[in-house]
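**Student:** Fold the following for me, if possible:
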Amino acid sequence: VGTLIPGCTPQVVQRIRRGLDDSRLVMLDVSCTAKDGRKFAAEVSISAIDLTNPGDLVFTVRNTEPRRRRLEMLRSKENAFEAAHSAMFVCGEGGEFLFVNKAFREMFGLEEDEAQKLFFTDVFDDAPLPEFFDKALKEGVEGSVRLTVENEDGTEELDIRIAPDTRSSKISGVVGSVSRV
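**Tutor:** The predicted model follows:
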């Protein structure tokens, strides 16, 4: 164990045993050494088991680097989504807004928590957008619609792009963006 988990000395094992006396599981975040000498981040769960000798310890090592890389990638995508200049949104199957970025909130004058209380048709009720949303959700259709809308400054043209949100080949909602033309 000391080879795989540097610093896991007999003294450390004794402290782990004392911790196991109170509960039946100890979890550690550690840096481990693979057979080839490469270091990797891991979670090690340690529990006592009575097999050959009473109080034997079971060390379960899980490499956490792939999960950490995925989390970093997701954080980067989340930051890019939030910082995008176009108004962007993600809707669930029922049309409820799950996520909207800062540009979307600014474009529609919404506070951060207000958007999650709205549905696609609350914001985009002009034809053909509700039908286009349904086609994206039910048939996987993607594309864009150009609309001329009136606001307090007059009229402006918007390009609304919609695509199905697919996960594991199942459509779980709709994603989209709104840009001023």
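
**Student:** Just the buried residues of the host helix or strand of Ser31, please?
**Tutor:** Following DSSP states H and E, the helix or strand that holds Ser31 is strand 26-33. Applying a neighbour-count criterion of 16 or more other CB atoms under 10 Å, one finds Val26, Val30, Cys32 buried in strand 26-33. For glycine as for every other residue, the C-beta is placed from the backbone atoms N, C-alpha and C.

**Student:** Tell me the bridge partners for the closest residue to the last one other than its chain neighbours.
**Tutor:** By that I understand Cys32. Using CB to CB, 6 or more residues apart in numbering and skipping the chain neighbours, the partner closest in space to Cys32 is Ala42 (4.5 Å). Per DSSP bridges, the residues bridged to Ala42 are Val30, Asn63.

**Student:** pull the longest strand from this structure.
**Tutor:** Using DSSP state E to define each element, the chain has its longest strand at strand 154-167.

**Student:** Give me the buried positions along that one.
**Tutor:** Neighbour-count burial for strand 154-167 [16+ other CB under 10 Å]: Leu158, Ile160, Ile162, Ala163, Pro164, Asp165.

**Student:** After it, which helix or strand is next?
**Tutor:** Sequence-wise, the next helix or strand downstream of strand 154-167 (DSSP H and E) is strand 170-180.

**Student:** residue contacts, the nearest residue to Val178 once chain neighbours are set aside?
**Tutor:** Leaving aside its sequence neighbours, Val178 sits nearest to Ala87 (CB to CB, 6+ apart; 4.1 Å). Ala87 sits next to Val100, Asn101, Ala103, Phe104, Glu106, Met107, Phe108, Ser177, Val178, Ser179 when contact means CB atoms under 8 Å, 6 or more residues apart in numbering.
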